[in-house]
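Colleague: quick one, fold the following:
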Amino acid sequence: MLLKTSLRSFFAHKGRMVLSLIAVVLSVAFVSGTLVFSNTATSTFDKLFAATASDVSVQPPKPADDSEEGQQTTVKPPTVPTEIAQKLAGLPGVKSALGQVSVENAVLVNPSTNKLVGPTTGAPTLVGNWTDTPRNPTNLTSGHLPKGSDDLVLDADTAKKAKLALGDKVRVDNPSGKHEFTIVGIVTFTTTNPGAALAFTDTPTAQKVLLGEQAFTSVEVFGDGSRTNDQIKADALAKIGGGYQAKTAAEQKDENSKAVGQGLDFMTYAMLGFAFVSAIVGIFLIVNTFSMLVAQRTREIGLLRAVGGSRSQVNRSVLVEALILGVLGSTIGIGFGLLVAVGLVWLMKLIGMNLDAADLQIGPEVFIAGYALGIIVTMVAAWFPARRASRIAPIEALRDHGTPGDARTNLIRTIIGLVLTAGGGAVLVLGGQAEKAADGGQLLGLGVVLTLIGFVVLGPLLASAVIKVLGAVLPALFGPSGKLAQRNAMRNPRRTGATAAALMIGLALVIAASVFSSSAVTSTSAQIDKTVGVDYILSGGRGAVSQEVIDTVKKTPGIDHVSLQRSFLSSKLQLPDGRMVKNELTAVPPTFFDTDFHPGVVAGSADAVGRGTIGLGETFAKDHNLKVGDQVTVDYGKGHTQNLAVGAVFAKGGLYGSGAFVDLDTLSKAVPDADQPPVFTFFAKAKAGADVTKTLTALEDGLKEYPQLTIKDQAGYKELVQGQINTLLYLIYGLVALSITVAVLGVVNTLALSVVERTREIGLLRAIGLSRRQLRRMIRLESVVIALFGAVLGAGLGLAWGITAQRVLRDQGLGTGERGERGPWGRVHSRNVRSAPGPTVFPSAALLR
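Modeller: This is a model prediction of the structure:
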């Protein structure tokens, strides 16, 4: 009987449920689409790994630190001796052991156009030796395999995109210099092409050009089937020793799959963020829908109670309607989720990952997550109206309108709202005053949640007062229509507050993001103007900068000097009390602190770094009780250590608030050139009186053969940093646009249902002379007043959040005319192969076997 009643009620009011249904559909679509996309990408790579992985892969010893591994990979990858392959080939059960050369620190250039060949974002460019393995991911389809030192084989997809053919020239640029080859063969993928560019030479050439020695980056072992992979692995480790890594096919697959998952995390979290925002804002819409339906059906509910219906039955009847809405919305949402997945596949193709939309992987977790989200959202949203409906007494429900909220309920609501808002405000203040950004960030997150909930709770109580002020001009401007609109918006504060809350969330996010981004851009520009004396910043992109490039810059007319920085050395400092602390270290020349940069110093002097001391950031020095004159031991790794005195402490909130700095000559006394980190970013200063713009043009002309380089003057670098900030901002704006879209649906839904609710009233107004035009104007003005109310609340919240975020990051320079502890370019040198998106998402070993 209960189910029958709920079904009849749901379908009798199905038109009023449409907009709530849309909110559920959007939330479920983003979640299910994200899961389908993630499953599809993972499945694609799993098939690739399964089809190409060797039975056992023997690799160089793993460095003690991941950052050291990334650093080595971008200059000269770690290797295994060639004799290892010979030893492994003689093991029982081994059919073949093939030495492989595979590097990710080289780029391909078309010398006739000086344009990059291969992907510029996302997928990597992989260069190595051609080996004919039993599980090769590519087959030769045109030309011949490399036979001489000038021969190169290119994959068909890259050749097509770059409009290259057999006989064309291709240059391989890496830290050792430029190397020109002729395309003699084209290979085609036998599996799905993940978007990487592949280039192959013969083994001696690959060893000479890419490694600088006769060695391999790995040895791939293939068994004859007589022994298991685990047995071959054990035999291999026993045979070669020396700390080498050996991974079975299953271990390689797991490792590569994990890397793919990490590479896709950003997109996954972004899409789930859209789903979360849609669900949260949709809850307000659904609450309003069911609240108004309950109010409109008070007579019906009262009659049900009068003939013996219990409070629990009334409660369940409303929840069953919500369940129907959730199931229906989830079903439709999962269908639209497939379209979202197709869109994500298309988007990934644009950035270089080739996935097949015809091979979507739809697992059971897609349906579980979709239905769980849709049903939970609707049930939670409908619980409050259902509870309210169950409290309606039969005699009360026989009136024309729903029971207004009693004074006790309003008092409780006021107390809870004030406590949450005041508590959230206090937490925001504490977050803004926190010493450490990490602590402040946690307090900021808590404060955001508390103030948001507090405003939602207080919204209905604020509605009457705020709307009375906001709508004060409506009667004067629009006459009776304006007066009616104002009073209608004030009539049901709970409904108005819930409707405005959805808009409030979106606008609060917009304003907070705008405050943050504006502060970041302004602070970056101010920091560059204040502390940077160099005129040009040059970056090698994904790889290290070669000596050829540095020499070209030095010879450019108008250039006074060049300052190199060798950074991201995996280093540790032994403090005076004996503790070992990890800290990034950057080696710079004397000109760095003399003329190129002007840091704030709280103790010592910046030029002391050039006299054999170490400079530390104020944050690090304060955390570890270090002062000028204290002795520390720098452990550079690989057994290289050095005792240095602290010569400078750089002010926090500037370019040098963390990390450590030494002079290049100081570094060279302890670390041989071969073990020093590469140059990813360097700086150039124009001669006194030189035209900076003309010198920039000369630099660009002189380096046009190196399309992988980024060359910026100070103005150009400001634009680059602003573009990076805007990228994050666009994502936030996307979330906001979605929330506002759902919020607008909520306003439409509220007004549409209120029109139905006020049919008798509207008829009476028309009977006493209100025209259709005046009636339409009244509804429009009512929506404007509600939107303004939401905007006022959103502006208040957004400003509070944005200002607090600014204060939390004040020591990183935000809002103080300074950018960050390491500056906008402090981490440009980290654009090595390990940190680039490509190698993370596209493990190279599977493609070069």
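
Colleague: what does the average pLDDT come to for the lengthiest helix in the chain?
Modeller: Using DSSP state H, we find that the single longest helix of the chain is helix 249-296. What helix 249-296 shows for mean pLDDT is 76.

Colleague: for that helix, packing partners?
Modeller: Packed against helix 249-296, as judged by 3 or more CB pairs under 8 Å, 6 or more residues apart in numbering; DSSP states H and E, are the following elements: helix 18-52, helix 311-350, helix 364-390, helix 493-531, helix 714-757, helix 837-841. Just so you know, the C-beta spots here come from the backbone N, C-alpha and C atoms, and that holds for glycine as well.

Colleague: can you name the element that comes right after the fourth one?
Modeller: In other words, helix 493-531. strand 536-539 (DSSP states H and E).

Colleague: got a list of contacts for the helix or strand following that next one?
Modeller: Toward the C-terminus, strand 536-539 is succeeded by helix 547-555 as the next helix or strand (DSSP H and E). Residues outside helix 547-555 that contact it (CB atoms under 8 Å, 6 or more residues apart in numbering): 177-178, 538, 540, 559, 561-562, 564, 679, 682, 684, 699, 702-703, 706, 709.

Colleague: now helix 547-555, how far from the centre of its chain.
Modeller: In terms of CA atoms, centre = their mean, to the nearest Å, the centre of helix 547-555 is set 35 Å apart from its chain centre.

Colleague: now the helix or strand immediately after it in the chain against helix 547-555, angle please.
Modeller: Note on helix 547-555: by DSSP H and E, the next helix or strand toward the C-terminus is strand 559-569. Computed by axes from the mean of the first three to the mean of the last three CA atoms, to 10 degrees, the angle separating strand 559-569 from helix 547-555 equals 150 degrees.

Colleague: ok, the helix or strand following strand 559-569: who's next to it in the sheet?
Modeller: Per DSSP H and E, the first helix or strand lying C-terminal to strand 559-569 is strand 572-574. Partner strands and pairing direction for strand 572-574 (DSSP bridges) are strand 580-582 (antiparallel), strand 631-637 (antiparallel).

Colleague: work out the gap between strand 572-574 and the centre of the chain.
Modeller: The answer for strand 572-574 is 32 Å, by CA atoms, centre = their mean.

Colleague: so what touches it?
Modeller: Outside strand 572-574, the residues that reach it (CB under 8 Å, 6+ apart) are 580-583, 632-635, 660.

Colleague: one more time with 10 Å
Modeller: 65, 579-583, 585, 614, 616, 620, 624, 626, 631-637, 641, 643-644, 646, 660 (CB atoms under 10 Å, 6 or more residues apart in numbering).

Colleague: now which of those would you call buried?
Modeller: Buried members of the contacts of strand 572-574, counted by 16 or more other CB atoms under 10 Å: 583, 585, 614, 616, 620, 624, 626, 632, 634-637, 644, 646, 660.

Colleague: from those residues, which is closest to V294?
Modeller: F620 (60.0 Å; CB to CB).

Colleague: what's the pLDDT at that closest one?
Modeller: 87.

Colleague: what helices or strands is the strand or helix carrying it leaning on?
Modeller: Here F620 sits within helix 618-623, counting by DSSP H and E. Applying 3 or more CB pairs under 10 Å, 6 or more residues apart in numbering; DSSP states H and E, we find helix 618-623 packed against strand 601-604, strand 614-617, strand 640-650.

Colleague: now stretch 539-546: buried residues?
Modeller: Neighbour-count burial for stretch 539-546 [16+ other CB under 10 Å]: 539-546.

Colleague: ignore the last one, stretch 330-344
Modeller: For stretch 330-344, by 16+ other CB under 10 Å, it's 330-334, 336-338, 340-342, 344.

Colleague: same question, stretch 153-162
Modeller: 153-159, 162.

Colleague: sort out which of those are in helices and list them.
Modeller: Using DSSP H, the buried residues of stretch 153-162 in helices are 156-159, 162.

Colleague: return the distance of the spatially most central residue of the chain relative to L272.
Modeller: For the chain, the residue nearest the mean C-alpha position is F266 (4.1 Å; CA atoms, centre = their mean). Distance of F266 to L272, given as CB to CB, to the nearest Å: 11 Å.

Colleague: one more: L470?
Modeller: 36 Å.

Colleague: same check, this time on N315
Modeller: Remark: distance between N315 and L272 (CB to CB) = 32 Å.

Colleague: then V31?
Modeller: 7 Å.

Colleague: repeat that for G506.
Modeller: G506 is 18 Å from L272, by CB to CB.

Colleague: give me the more crowded residue out of the two.
Modeller: A direct count of neighbours by other CB atoms under 10 Å for G506 and L272 places G506 higher, at 25 against 14.

Colleague: assess the claim that that one and S278 are in contact.
Modeller: No - in this structure G506 lies outside contact range of S278 using CB atoms under 10 Å: 11.1 Å.

Colleague: name the residues of the top strand by length along the chain that come out as buried.
Modeller: Secondary structure of the chain read by DSSP state E shows that its longest strand is strand 177-189. Neighbour counts over strand 177-189 (16+ other CB under 10 Å) mark 179, 181, 183-187, 189 as buried.
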